[in-house]
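no FASTA, just this:
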């Protein structure tokens, strides 16, 4: 199917993805999983989770391979790769506009709403980030990589017991790595989605500027918050470009509220993204600080900030 794994598309923590084709010529992406510990929980999670889904914003699983320790998943092929390369790239050929980014954000919100509310078994992804968002030929976004997903029955509610931190540093909800902030739930995906929105905003703003800040005391969400607050106080008239940017930033800030109960559901997120900018309320300011984070988190470097749990704040948005 892959012509002896000739065409490598990418590699992540859980495996390597190769381009392949079925006998009818249909292009596919084959994810060859690394040898996993224990009984292959990641493989079972991914196969079971995706098999339970059918949504335009969820990547389609076409089949799987299981032979002893060798495991592979066969997905529909996504021609434009991951969202990551479009928000961090310096290549002008890969630049997409704010209108397209808003459509991507809205599609992803609909996909997450489906996972949280539309499936017979609720699915919490636990690893929403740009690298796990794939774009089709027409830039239709699809959520992928369900290796860390958790399933729970709708009757049992959306709260899960999480034995260990799961996700990617910088996008993990605080309650996932510390029970002091609450418990893992669908709200944890909302937090990760919000951080991803802010990452999209930061990546687009910083194109051509490089990483303008790398200090561990810089908390990018606070910089966005301060800039928006300043615009509101000065009643600044903003152009359509800034409106699109500001809407995504405001929704992202609502999603990353420290208390899980203060975050909107994905249904509410969709509603906010479809509203006009002047209909959105200003969220409370995030209050997590560097002094409260575990030392192992301080090594993360993302676009314009080092960890999602550090505070500080000169304005960045224009």
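Received it, and whenever you're ready, just let me know what you need. Keep in mind the model is a prediction, meaning the values are calculated, not measured.

From now on I want contacts and neighbour counts done on CA atoms only, so please keep to that.
Noted.

Please enumerate the strands of this protein.
Applying DSSP state E to the chain gives strands spanning 8-12, 15-21, 27-33, 61-67, 70-76, 121-124, 133-135, 141-143, 150-153, 159-160, 184-185.

which one of those strands lies closest to residue 176?
Closest of the strands of the chain to residue 176 is strand 184-185, at 5.4 Å (criterion: C-alpha to C-alpha).

In a markdown table, list the strands of the chain along with distance to residue 103, mean neighbour count and mean pLDDT.
Converted to a markdown table, the strands of the chain look like this (distance: least, C-alpha to C-alpha, whole Å; neighbours: other C-alpha atoms under 10 Å; pLDDT from 0 to 100):
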| stretch | distance to residue 103 | mean neighbour count | mean pLDDT |
| --- | --- | --- | --- |
| strand 8-12 | 25 | 13 | 85 |
| strand 15-21 | 26 | 20 | 92 |
| strand 27-33 | 24 | 23 | 92 |
| strand 61-67 | 23 | 14 | 87 |
| strand 70-76 | 21 | 19 | 90 |
| strand 121-124 | 22 | 24 | 85 |
| strand 133-135 | 12 | 22 | 95 |
| strand 141-143 | 9 | 27 | 96 |
| strand 150-153 | 27 | 16 | 70 |
| strand 159-160 | 29 | 15 | 52 |
| strand 184-185 | 26 | 26 | 82 |
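
So for residue 105, which of these sits nearest?
Residue 105 lies closest to strand 141-143 among the strands of the chain, at 8.3 Å (C-alpha to C-alpha).

can I see the domain layout of the protein?
Domain assignment for the chain by automatic domain parsing gives 8-76, 84-299.

The last one: how far from the chain's middle?
Same thing as domain 84-299. 6 Å (C-alpha atoms, centre = their mean, to the nearest Å).

got it, and the first one?
Relative to its parent chain, domain 8-76 has a centroid offset of 19 Å by C-alpha atoms, centre = their mean.

coming back round to it: kindly present the strands of the chain as TSV, with separate columns for distance to residue 201.
Output for these, formatted as TSV (distance: least, C-alpha to C-alpha, whole Å):
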stretch	distance to residue 201
strand 8-12	24
strand 15-21	28
strand 27-33	29
strand 61-67	30
strand 70-76	28
strand 121-124	24
strand 133-135	16
strand 141-143	17
strand 150-153	29
strand 159-160	30
strand 184-185	25
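
Which one of these lies nearest to residue 247?
strand 141-143 (19.0 Å).
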